[in-house]
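Colleague: Build the 3D model from these lines:
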Amino acid sequence: MTMILEQIELGGRELSVETGAIARQASGAVILREGDTVLLGVVTAGQKPTHLPYMPLTSDYRQKLAAAGRIPGGYGRREGRQNELEVLLSRLIDRSIRPFFPEGWRYDTQVIVHPLSVDPESDLSILSMTAAVAALVISDIPWHVPLASVRVAQVEGELVAFPGAAQREAADLDLIVSVSREGIVMVEGGGREVPEATVLEAFTLAQQAAQPVQALLDTLREKAGKPERELPASEPDPEAEARKAALQESMQEAVLAALEVEGKHERYEALDAVIAAKLAELDPEDEAGRSATQDAFESLKKREVRARTLAGRRLGGRTPEQVRAISGRSQWLPRSHGSALFTRGETQSIVTCTLGTSRDAQQIETVHGMERQRLMLHYNFPPFCVGEARPMRGPGRREIGHGHLARRALLGVLPSEEQFPYAIRLESTITESNGSSSMASVCGGSLALCDAGVPITRPVAGIAMGLIKEGEEITVLSDILGDEDHVGDMDFKVAGTSEGVTAIQLDNKLGSLPFEVMERALEQAKQGRLHILGEMAKVLAAPRTELGDHTPKILSLKIHPSRIRSLIGSGGSTINGIRADLGVEIDVEDDGQVRVHGTSKESLSEAQRRIEDLTGLPKLGQPVLARVVTVKHFGSFVRLYEGIEGLVHGEQLRLGSEIEVKVTGVTFDGKLEIART
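Modeller: Numbering: from 1, shown residues only. Here you go, the predicted model:
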């Protein structure tokens, strides 16, 4: 195959995509370049369809540290299992491309993106998503949507598409938006209490900025696209359709009655009884009949749930805008630094907040080096929360993604490290689940932060929105249930304060959502969020003004960098002695910033006294309590600080006594002139 190369300018930098020379046995492969960044994007589909009832798609972003001239850490010195950043980017790719696979696609499909060379200025997220789509559009898979991913940032009040590294760092709003020509496909991002109107402007800008990428993909497919694979023809079977319709008619009345049951498990039991009764009428050996009956039941259930919802009758009896009942507790785990129990309907989360020292911050290895995360949010979804019994493993992609979303929602209201010098770990354990457990983690996390005394800007709440669309008829749902998510067309999560949005995430099954739907959903989400914030305020309206008794206290002080050696001592003997004597932790930065961590005010006070004694520098005219160390006939030498002494001329003082002195000047040979105050 001849190599084909296409180029455009994107965000002030040249972007090129080439194909035909690398990974030629894959279904589709591209090399994408931007600056010094080079990415390999590959897609492969199996030759035989599977018998799975769902589309077997796997998206994998795997970073290669050699791309940045680095050797991985760890014993093996090679890349291991995916880290959180790789998982999150893999999910972004998957959520963007999944809606556009044809109905009935059952071939094992894998999308892989590797960075081969990394330019620090490049946006690896956007480029990786573009490489994945480019590989798809030229493959033999019947997937040919010119889907473009755009990062939009708000910098100093201005919205910018494809921002540079410095702009991304300074952004008040940071969104990744995947768009087709028909509308919005996927959204991921957050900000610092950004108004909904600004978010909508960002969507509009993303659609405009996407056009060059979409044109590039069209050209690439035209020049390099392989002939599309033909899907097996599925001719309708009139007899099978008639049997299915008859089965559904025979079960419809019982299914409708079961859907009226309010509780999740009670409703499931009623529905299980319907299908069990129908299956009992069949011969146990009639596998085909039993399978057809089960299929008819599932499609009937989905059809009726959607029809009820469009008619304004949701499961559980709520209106489309109504949020489930909310309750909560704070300060209920006595030894935790902060804790909260948040319950919304049949979704419940226990969240704890633990405050630690700066050395407790998480270190993540990336192609750009080690990144430090001061706020950690770990989301756990144990099987009992949905009434199941199964083995418990490490966190999966879903748990990592939900935890990242909840963390982003709270990140925008945290105080700076200078204001509040703690590393913060939130742990959300879902104890009941029926829809929107990530948003319950946001609400519980906000309450736990307030309970711990973290001075956040304002409380944060989150809500999950859904959508049912049939033809031109649309219903937007607030605070969706798990079943509404399963049969619906959109999962749109919005978190924020009373002032604006801090996190947003959109997935949809329709492919592309019109701007008008997004505008309506954002406004309805705002009203729901304000209601939830009002209910949360009944539990705990603002951060506590004092840290709890079991929370480590932090004392911050600044010493001159030239005095750090005096604090550390030979081989760390001095600083380790203070730690051992007083039971405190001491962190020292190269710029002289010192933080002392301890649970006792007395130990912190004594540590401060010792540090100041070891590292102080005298100031002209400032009184200092000094100790007499040597007495001579011409005067007494006194020690002001460790390694700093001076002469009180003409006075014979008692050895070892303490007197208050001040520095009055410096002699011509650099010695201090000292007088008693």
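Colleague: From here on, just use CA atoms for contacts and neighbour counts.
Modeller: OK.
Colleague: element containing residue 327, please.
Modeller: Element membership of residue 327, judged by DSSP states H and E, is strand 326-330.
Colleague: Run me through the strand neighbours of that strand, direction for each.
Modeller: strand 338-344 (antiparallel) (DSSP bridges).
Colleague: Show me what the helix or strand just after the partner strand is in contact with.
Modeller: Later in the chain than strand 338-344, the nearest helix or strand by DSSP H and E is strand 347-356. Strand 347-356 is contacted by residues 336-343, 422-437, 440-441, 444-445, 448-449, 452, 551-552 when judged by Cα atoms under 8 Å, 6 or more residues apart in numbering.
Colleague: so where's the chain shaky on pLDDT?
Modeller: Regions of the chain meeting the criterion pLDDT under 70 cover residues 1.
Colleague: Tell me, how many residues neighbour residue 321?
Modeller: When neighbours are counted by other Cα atoms under 10 Å, residue 321 registers 18.
Colleague: Show the contacting residues for the nearest residue to it once chain neighbours are set aside.
Modeller: When the adjacent residues along the chain are set aside, residue 321 lies closest to residue 478, with 5.1 Å between them (Cα to Cα, 6 or more residues apart in numbering). Counting by Cα under 8 Å, 6+ apart, residue 478 makes contact with 320-323, 463-466, 524-525, 528.
Colleague: Distance-wise, check the residue nearest the centre of the chain relative to residue 265.
Modeller: With distances taken as Cα atoms, centre = their mean, residue 404 lies nearest the centre of the chain, 2.0 Å away. Separation of residue 404 from residue 265 (Cα to Cα, to the nearest Å) stands at 29 Å.
Colleague: re the thing from before, next step: the contacts of residue 478 restricted to strands.
Modeller: 463-466 (DSSP state E).
Colleague: Now flag whichever of those residues is closest to residue 316.
Modeller: residue 466 (15.2 Å; Cα to Cα).
Colleague: What number of residues are in the vicinity of that closest one?
Modeller: Neighbours of residue 466 (other Cα under 10 Å): 26.
Colleague: Same check on residue 313?
Modeller: 16.
Colleague: My guess is it contacts residue 319. True?
Modeller: Yes: the criterion here is Cα atoms under 8 Å, and residue 313 meets it with residue 319 at 6.6 Å.
Colleague: quick one, phi/psi of residue 381?
Modeller: With angles defined as degrees, to the nearest 10, residue 381 sits at phi -130, psi 80.
Colleague: Tell me who's in contact with the residue lying closest to it once chain neighbours are set aside.
Modeller: Ranked by Cα to Cα, 6+ apart and with sequence neighbours excluded, the top spatial neighbour of residue 381 is residue 430, at 5.4 Å. Contacts here follow Cα under 8 Å, 6+ apart; on that basis residue 430 touches 347-350, 379-382, 385, 437, 441.
Colleague: Other residues contacting stretch 300-320?
Modeller: The contact list for stretch 300-320 (Cα under 8 Å, 6+ apart) reads 248, 252, 255-256, 259-263, 324, 468-469, 473-478, 484, 487-488.
Colleague: which of those count as buried?
Modeller: 248, 252, 255-256, 259, 261, 324, 468-469, 475-478, 484, 487-488 (16 or more other Cα atoms under 10 Å).
Colleague: isn't residue 630 right up against residue 657?
Modeller: No: counting by Cα under 8 Å, residue 630 does not reach residue 657; the two are 10.5 Å apart.
Colleague: show me where the stretch 351-500 of the chain has helices.
Modeller: 397-411, 437-452, 482-487 (DSSP state H, counting those that start in this stretch).
Colleague: could I get these as CSV with distance to residue 609?
Modeller: Output for the helices of the stretch 351-500 of the chain, formatted as CSV (distance: least, Cα to Cα, whole Å):
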stretch, distance to residue 609
helix 397-411, 35
helix 437-452, 28
helix 482-487, 58
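Colleague: so which of these is the most packed in?
Modeller: The highest average neighbour count among these, using mean count of other Cα atoms under 10 Å, belongs to helix 437-452 at a mean of 31.
Colleague: so that one versus strand 326-330, what angle?
Modeller: Computed by axes from the mean of the first three to the mean of the last three Cα atoms, to 10 degrees, the angle separating helix 437-452 from strand 326-330 equals 40 degrees.
Colleague: doesn't residue 522 fall inside a strand?
Modeller: No: going by DSSP: H, G, I helix; E, B strand; the rest coil, the assignment for residue 522 is helix, not a strand.
Colleague: So residue 564 belongs to a strand, correct?
Modeller: No: secondary structure of residue 564 (three-state DSSP): helix, not part of a strand.
Colleague: Report the separation between it and residue 579.
Modeller: The gap separating residue 564 from residue 579 is 16 Å, by Cα to Cα.
Colleague: Just the buried ones from the ones in strands among the contacts of residue 478?
Modeller: Applying 16+ other Cα under 10 Å to the ones in strands among the contacts of residue 478, the neighbour count classes 463-466 as buried.
Colleague: count of residues packed around residue 618?
Modeller: Using other Cα under 10 Å, residue 618 has 15 neighbouring residues.
Colleague: er, residue 677 I mean
Modeller: Residue 677 has 12 neighbours, counted by other Cα under 10 Å.
Colleague: can you check residue 316 too?
Modeller: Around residue 316 there are 15 other residues, counting by other Cα under 10 Å.
Colleague: Secondary structure class of it, three-state.
Modeller: With three-state DSSP as the basis, residue 316 sits in helix.
Colleague: so how many other residues sit close to residue 314?
Modeller: By other Cα under 10 Å, the residues close to residue 314 number 23.
Colleague: Let me know the distance separating it from residue 207.
Modeller: Noted for residue 314: a distance of 33 Å to residue 207, by Cα to Cα.
Colleague: returning to that earlier point: which residue packs closest to the residue nearest to the centre of the chain, ignoring adjacent ones?
Modeller: Spatial nearest neighbour of residue 404, chain neighbours left out: residue 377 (7.1 Å); criterion: Cα to Cα, 6+ apart.
Colleague: what ranges do the helices span in the stretch 1-150 of the chain?
Modeller: Under the criterion DSSP H, counting those that start in this stretch, the stretch 1-150 of the chain contains helices at 84-97, 124-137.
Colleague: Okay, and the beta partners of the nearest residue to residue 170 once chain neighbours are set aside?
Modeller: Of all residues not flanking residue 170 in the chain, residue 155 sits nearest, at 6.4 Å (Cα to Cα, 6+ apart). On the basis of DSSP bridges, residue 155 is bridged to residue 158.
Colleague: Could you check how many residues crowd around residue 155?
Modeller: 18.
Colleague: what's the answer for residue 591, then?
Modeller: 12.
Colleague: So it versus residue 443, what's the distance?
Modeller: Here residue 591 is placed at a distance of 38 Å from residue 443 (Cα to Cα).
Colleague: With residue 420 instead?
Modeller: As judged by Cα to Cα, residue 420 and residue 443 stand 21 Å apart.
Colleague: got it, and residue 488?
Modeller: Distance, residue 488 to residue 443, using Cα to Cα: 24 Å.
Colleague: do residue 586 as well
Modeller: In this view, residue 586 and residue 443 are 34 Å apart by Cα to Cα.
Colleague: got it, and residue 675?
Modeller: Taken as Cα to Cα, the span from residue 675 to residue 443 is 61 Å.
Colleague: before we move on, what about residue 574?
Modeller: Relative to residue 443, residue 574 is positioned 45 Å away (Cα to Cα).
Colleague: can you give me the helices for the stretch 151-300 of the chain?
Modeller: Secondary structure of the stretch 151-300 of the chain (DSSP H, counting those that start in this stretch): helices at 165-169, 196-209, 211-224, 238-259, 264-280, 287-310.
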